[in-house]
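*Asks:* Sequence first, predicted model second:
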Amino acid sequence: QRQFVESGGGLVQPGGSLRLSCAVRESSVEYYAFAWFRQAPGKERETVSCIVRDESSTNYLDSVKGRFTISRDSAANTVDLQMNSLQPEDTAVYSCAGAFDRRCTVVAEVTRGQGTTVTVSS
């Protein structure tokens, strides 16, 4: 089983926070980076954030810069996404996956999990 497992989604009011966690499988050593993605209903999937395995580099979707923070817990083998100041437009299914490049453009789709749903609404 190579699929990662996401958790931490839920319903939150605008301005609130959530922390998503992605449990990375043992085979993670073969991936150069890890990314969080999201897909809102009727929209294309977009890459929210990417972190290189050694945490030397991160990048973010413009619309989440300054609000979201990606991090890697090597001991727990997770990749987390702290999301602050959430807005209704952040509502989506969030998923994570391994990648082979520093900007997470070449994704190991076999690792993508089922996703966790984030709903931002009052």
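*Replies:* Nice, I can see it. Numbers count the residues shown, from 1 in each chain.

*Asks:* Not counting its own residues, what contacts the helix-or-strand element of the chain with minimal mean pLDDT?
*Replies:* Every helix and strand in the chain was compared by mean pLDDT, DSSP states H and E; the lowest is strand 107-108, with a mean of 93. Residues outside strand 107-108 that contact it (C-beta atoms under 8 Å, 6 or more residues apart in numbering): Tyr31, Ala35, Ala97, Gly98, Ala99, Phe100. For every residue, glycine as well, the C-beta is placed using N, CA and C.

*Asks:* Give the residue spans of this structure that score low on pLDDT.
*Replies:* Applying pLDDT under 70 to the chain picks out residues 1, 26-29.

*Asks:* rerun that using 80 as the cut-off
*Replies:* 1-2, 25-29 (pLDDT under 80).

*Asks:* Report the central residue of this structure.
*Replies:* Trp36 (2.2 Å; C-alpha atoms, centre = their mean).

*Asks:* who does it bridge with?
*Replies:* Trp36 forms beta bridges with Ser49, Cys96, as assigned by DSSP bridges.
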